[in-house]
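Participant: Sequence and predicted structure are below.
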Amino acid sequence: MEIDPNADGRSMYRTLTGLIVPRPIGWISTTSADGTDNLAPYSFFNGVSIDPPVVMFAPLPRPHGHTDTAANVRETEEFVVNVVTHEFAEAMNETSATVPESESEFDAAELNREPSRAVAPPRVSGIAAALECELYELVPVGDGAAVLGEVVHVHVRDDVTTDGNVDTEKLDVVGRLAGGGYDRVTDRFEMARPD
Ligand SMILES: Cc1cc2nc3c(=O)[nH]c(=O)nc-3n(C[C@H](O)[C@H](O)[C@H](O)COP(=O)(O)O)c2cc1C
């Protein structure tokens, strides 16, 4: 199969989300200018740079314009990335429901808030890890955007660390496949880097 994105009627959403797998999930909390805490998953999410430490997520355009997360980041220039582990998978999925702008997904999904150290949006209480971010740059892409955030504080629960470092074996992280498909890391292997 060959696909020309400009000529083919085939869904590029299905093609890209089927091929870029598994994707890490940034569970993004923001707070609107009027103080409503928003929480939603974004799997177009990744790291971009170490110095400065920068991560990105991509709110795709919506028929009515943009997502609440995108609007809040534009307004307040702050967000928190909650790392999605298996214990929070169902709650994460629940927060992808469309709720009115004035309502908080924290309350809809019965999640508690934990204050952040360096930014206003709270993290999910009990989450294994969270990255507190200040907007680094918002890059328009088509009618959507790539939101780049500089990590200004990192929270890691002690039980997912070993000798002071994050231990990915202890972090029961969930990735997104296509559609409603998700995965857990249950089959690991190692390779030595060539010189
Ligand atoms: C696992 C998962 C990953 C998602 N990733 C994205 C994404 O990368 N970009 C996007 O625009 N929407 C994504 N969505 C959909 C949004 O989470 C959903 O539309 C949500 O209601 C947006 O909320 P908001 O308007 O409060 O920001 C994803 C949904 C799920 C369940």
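Facilitator: On my side now, so go ahead.
Participant: Only C-alpha atoms from now on, for both contacts and neighbour counts.
Facilitator: Will do.
Participant: pLDDT below threshold where in this protein?
Facilitator: Within the chain, the ranges that satisfy pLDDT under 70 run 9.
Participant: What are the neighbouring residues in contact with the spatially most central residue of it?
Facilitator: For the chain, residue 26 is the residue whose C-alpha lies nearest the centre (C-alpha atoms, centre = their mean; 1.3 Å). Neighbour list for residue 26: 41-46, 57, 81-84 [criterion: C-alpha atoms under 8 Å, 6 or more residues apart in numbering].
Participant: Show the backbone phi and psi for the residue nearest to residue 134 when sequence neighbours are not counted.
Facilitator: Distances taken as C-alpha to C-alpha, 6 or more residues apart in numbering put residue 78 closest to residue 134, at 4.6 Å, once the chain neighbours are dropped. Residue 78 has phi and psi values of phi -140, psi 150 when expressed as degrees, to the nearest 10.
Participant: neighbours around residue 78, how many?
Facilitator: Residues lying near residue 78 (other C-alpha atoms under 10 Å) number 23.
Participant: now the one 10 residues further on
Facilitator: Around residue 88 there are 18 other residues, counting by other C-alpha under 10 Å.
Participant: how close does the closest residue to it other than its chain neighbours sit to residue 157?
Facilitator: Excluding its sequence neighbours, the residue lying closest to residue 88 (C-alpha to C-alpha, 6+ apart) is residue 127, at 7.9 Å. Counting by C-alpha to C-alpha, to the nearest Å, the separation of residue 127 from residue 157 is 8 Å.
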